[in-house]
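[1] No letters, just coordinates:
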C-alpha cells in the first residue's frame, strides 16, 4: 500500500510535470492563457492535495473537498477535471499493493460508488461552475441524484471524456496515455516532453470535450490537423526542444481563437499520476 504522504507527492508531481509540458492552447510554463497562469495551477494542486489524499474521505468527499479548497485559493475552476480523474486513481492506489492488481482495484473503486458519492460530486461541480454547465434531462446537478457515480457518468460519457473514463476503467489513460508516455520517456529521458507526446497523441485522436462543449464542431478539424502535424514531428524528433518554435505558433493560434484543450490536459495529468503509481507498485 502507498502512504498518504507518497500519494500526495505523486499527485503534486503529476500536476507540476503537466505544467512543464508545452501543451498548445493550454497553460504551461511556456505561456499563460485563458485568463489563467501557472501559479493558479500550482496553488490549485497544493490546495487540493489534502482532500484528495485523505484516507477518511469517501470518493465523493475527496472530490468535493478538493474542489472546495481550490475554489478558496484561486476563485475559479482550474482543476475540476484533474480532481475527477485523479481521485479514483489515488483511492485505488491506497487500497492496492501490487501493480498487477492496480487496474482491477480501480475498477472495484468505480463499481463501489454510491448515490451519496454522486451527491458530493454534484456539489463540487456546482461549486466549480465549469464552462458549459447547463441543465440535463437526467441526473441534473441542480437536483438530488438517484444513481451512483458510475451510473451518472454513464449518462454524460457520450459528450465528456472525463466521464467516459469512469465507465471504461480509465481506458484512455492505461491503454493509450501510459504507453505513449513510456515510449516518449524511454526515447528522450525527459518527463516533460513525454507528457507532451501524451497530449498531442490524445488530441490528435480524440475530440476535446472542453472545446466541443464551448464551440461544438467548429474547430474540430483545425485542432486535429494541427495536432497530427505536431505529433508526427514530435514522434520523428530526437531532440524535441528543437520543435519549440513550431509549438509556439500553434499555441498562439489556438489561444487567439479561444481554443483550450482542457480535457486533454486533465487526461495528461491523470496519465502522469498513473505512471508514477504503476512504477511504485511494481517496485514493491
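    Okay, I see it. Quantities reported herein were computed from a predicted structural model and do not represent experimental measurements.
[2] Which residue is the nearest non-sequential neighbour of residue 164?
    residue 157 (4.3 Å; C-beta to C-beta, 6 or more residues apart in numbering). Just so you know, the C-beta spots here come from the backbone N, C-alpha and C atoms, and that holds for glycine as well.
[3] Angles on the backbone of residue 230, please.
    Here the main-chain torsion angles of residue 230 (degrees, to the nearest 10) amount to phi -70, psi -40.
[4] quick one: contacts of the helix or strand residue 163 falls within?
    Per DSSP states H and E, residue 163 falls inside helix 161-168. The contact list for helix 161-168 (C-beta atoms under 8 Å, 6 or more residues apart in numbering) reads 81, 84-85, 88, 110, 149-150, 153-157, 171-173, 206, 208-209, 263, 266-267, 270.
[5] Likewise for stretch 67-84?
    With C-beta under 8 Å, 6+ apart, stretch 67-84 has contacts from 15, 36, 40-41, 43-48, 50-52, 63, 66, 121, 124-125, 127-131, 162, 210, 262-263, 265-266, 269-270.
[6] So which bits of the helix or strand hosting residue 45 are buried?
    Using DSSP H and E, residue 45 falls within helix 38-53. Neighbour-count burial for helix 38-53, counted by 16 or more other C-beta atoms under 10 Å, picks out 38, 40-45, 47-49, 51-53.
[7] what do you get for stretch 155-171?
    So stretch 155-171, judged by 16+ other C-beta under 10 Å, has buried residues 155-157, 160-170.
[8] so how far does that stretch reach from one end to the other?
    17 Å (C-alpha to C-alpha, to the nearest Å).
[9] just to revisit the earlier point, residue 201: which of the buried residues of stretch 155-171 is nearest?
    Of all the buried residues of stretch 155-171, the one with the least separation from residue 201 (C-beta to C-beta) is residue 161, at 13.7 Å.
[10] just to revisit the earlier point, quick one: name whatever helix or strand follows the helix holding residue 163.
    Heading C-terminal from helix 161-168 (DSSP H and E), you reach helix 171.
[11] mean confidence score for that next one?
    The average pLDDT for helix 171 rounds to 98.
[12] Now do the contacts for the residue lying closest to residue 81 once chain neighbours are set aside.
    Leaving out its chain neighbours, the residue that sits closest to residue 81 by C-beta to C-beta, 6+ apart is residue 266, at 3.4 Å. Listed by C-beta under 8 Å, 6+ apart, the contact set of residue 266 reads 79, 81-82, 84-85, 162.
[13] and those residues as CSV, adding pLDDT, distance to residue 72 and secondary structure?
    Formatted as CSV, the contacts of residue 266 follow (pLDDT from 0 to 100; distance: C-beta to C-beta, whole Å; DSSP: H, G, I helix; E, B strand; the rest coil):
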residue, pLDDT, distance to residue 72, secondary structure
79, 95, 13, coil
81, 97, 19, helix
82, 98, 17, helix
84, 98, 18, helix
85, 98, 21, helix
162, 97, 22, helix
